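Colleague: Pasted the sequence and its predicted model underneath.
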Amino acid sequence: MKPNSYGQAAPDRLDATFAALADPTRRAILSRLASGEASVAELAKPFAMSQPAISKHLKVLERAGLISRGRDAQRRPCRLVARPLAEADGWLEGYREIWEANYRRLDALLGDLQNGGASQTGEKKRGSTQRKRR
Amino acid sequence: MKNTGTTLKIATPTEREIVMTRIFDAPRRLVFDAHTRPELIKRWLFGPDGWSMTVCEVDLRVGGTYRYVWRHTNGNEMGMGGVFREVVAPERIVATEKFDEAWYPGEAIDTTVFVEKDGKTTITLTVLYESKEARDMALASGMEQGMALGYDRLAAMLARGDS
């Protein structure tokens, strides 16, 4: 993520997840894998694409941790790895949490202002600004 | 979604917008003030734990600018600002927004509408981005936070296998 965004860590994997998900072919591959593992040849079939082209997409997905490849040297079946997808799914949830935190504090502030600024808001910030308007 | 009245609603009605709606148990004038007076803004607009607002300057008139800077206890800083395009106290504010670190492309336009009914005020904040990509990046900015807070839920969900 961006160094200055609200997050505290910088999990590069999420960047990789989103980059991987940005491509329609890769999303189609993932939905195919959601119904079970498949070989490169099997994955290439529904797409008008060569196996090397599909392999390229698979590498991106593998780097993002979205799929894993089997050990079988011949077939190397691909499997969906659910976890990064679930993490990516949390993106809107995080946005919501940030704004809910803001608005909960605003609730407290508004309560404060209506009580003439006398009460506690449970707010750690300065208490010198409780001037009431009008 | 719960319907407690103070539930935050987030919608993406078009591919360039985020719309947030929230009801506050206070008259409109007060909610408007809390959005426009620096000494009040500083007390609530700083996101997750660890952040605080270090700079808050507001010149509330059409063509006037505002400037916000936040600081995390870990030393990270984040700044943004913009220009007011419409100011109709206590009903409506339209302003541009742009972050110092260009973590989404271009500028966005924030429209905040304040509607009072029966002593309660509904605010609707619409953020219009220059592109879908910019909008999605802005939404994703909360992702780490969501992951941190939601990790237990996530673990439970994956344990059930219904991801």
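Modeller: Arrived safely, thanks for sending.
Colleague: Check the average confidence over stretch B:24-38, would you?
Modeller: For stretch B:24-38, mean pLDDT is 94.
Colleague: Check stretch B:86-101 too.
Modeller: The model assigns stretch B:86-101 a mean pLDDT of 94.
Colleague: In which helix or strand does the closest residue to B:Thr6 other than its chain neighbours reside?
Modeller: Distances taken as C-beta to C-beta, 6 or more residues apart in numbering or on different chains place B:Ile23 nearest to B:Thr6, at 5.8 Å, with adjacent residues excluded. For every residue, glycine as well, the C-beta is placed using N, CA and C. Taking DSSP states H and E as the definition, B:Ile23 sits inside strand B:17-24.
Colleague: can you pull the buried residues of that strand?
Modeller: Buried residues in strand B:17-24, counted by 16 or more other C-beta atoms under 10 Å in any protein chain shown: B:Glu17, B:Ile18, B:Val19, B:Met20, B:Arg22, B:Ile23, B:Phe24.
Colleague: can you pull the contacts of residue 40?
Modeller: You didn't pick a chain, so chain A it is. By C-beta atoms under 8 Å, 6 or more residues apart in numbering or on different chains, A:Val40 lies in contact with A:Gln51, A:Ile54, A:Ser55, A:Leu58, A:Arg76, A:Cys78.
Colleague: That was the other one, I meant chain B.
Modeller: Shown in contact with B:Leu40 (C-beta under 8 Å, 6+ apart): A:Leu109, A:Leu113, A:Thr129, B:Asp33, B:Ala34.
Colleague: ok so the second one is a helix residue?
Modeller: To tie it back to what came earlier, the one meant is A:Leu113. Yes. Under DSSP: H, G, I helix; E, B strand; the rest coil, A:Leu113 falls within a helix.
Colleague: How many neighbouring residues does A:Pro46 have?
Modeller: 10 (other C-beta atoms under 10 Å in any protein chain shown).
Colleague: which phi and psi does the residue in chain A positioned nearest to chain B have?
Modeller: Closest contact between chain A and chain B, by C-beta to the nearest C-beta, is at A:Gly94 (2.4 Å). Main-chain dihedrals, A:Gly94, degrees, to the nearest 10: phi -70, psi -40.
Colleague: pLDDT at it, what is it?
Modeller: A:Gly94 is given a pLDDT of 73.
Colleague: Quick check: the gap between it and B:Glu86.
Modeller: Distance of A:Gly94 to B:Glu86, computed by C-beta to C-beta, to the nearest Å: 30 Å.
Colleague: And for B:Thr6?
Modeller: Taking C-beta to C-beta, one finds B:Thr6 at 27 Å from B:Glu86.
Colleague: So in terms of bridging, what pairs with the most centrally placed residue in chain B?
Modeller: Nearest to the mean C-alpha position of chain B, by C-alpha atoms, centre = their mean, lies B:Leu125 at 7.4 Å. Beta-bridge partners recorded for B:Leu125 (DSSP bridges): B:Met20, B:Thr112.
Colleague: Quick check: next helix or strand after the strand ranked longest in chain B?
Modeller: The residue-count maximum for a strand in chain B (DSSP state E) belongs to strand B:77-88. Note on strand B:77-88: by DSSP H and E, the next helix or strand toward the C-terminus is strand B:92-99.
Colleague: so how far is that following strand off the chain centroid?
Modeller: Distance of strand B:92-99 from its chain centroid, counting by C-alpha atoms, centre = their mean, to the nearest Å, is 11 Å.
Colleague: Who are the packing partners of the strand or helix carrying A:Arg104?
Modeller: Using DSSP H and E, A:Arg104 sits in helix A:91-114. When contacts are defined as 3 or more C-beta pairs under 8 Å, 6 or more residues apart in numbering or on different chains; DSSP states H and E, helix A:91-114 packs onto strand B:9-11, strand B:17-24, helix B:28-36, helix B:132-140, helix B:143-160.
Colleague: Need the contact partners of the host helix or strand of A:Lys59.
Modeller: Using DSSP H and E, A:Lys59 sits in helix A:51-63. Residues outside helix A:51-63 that contact it (C-beta under 8 Å, 6+ apart): A:16, A:19-20, A:23, A:25-26, A:29-30, A:40-41, A:43-44, A:47, A:67-69, A:78.
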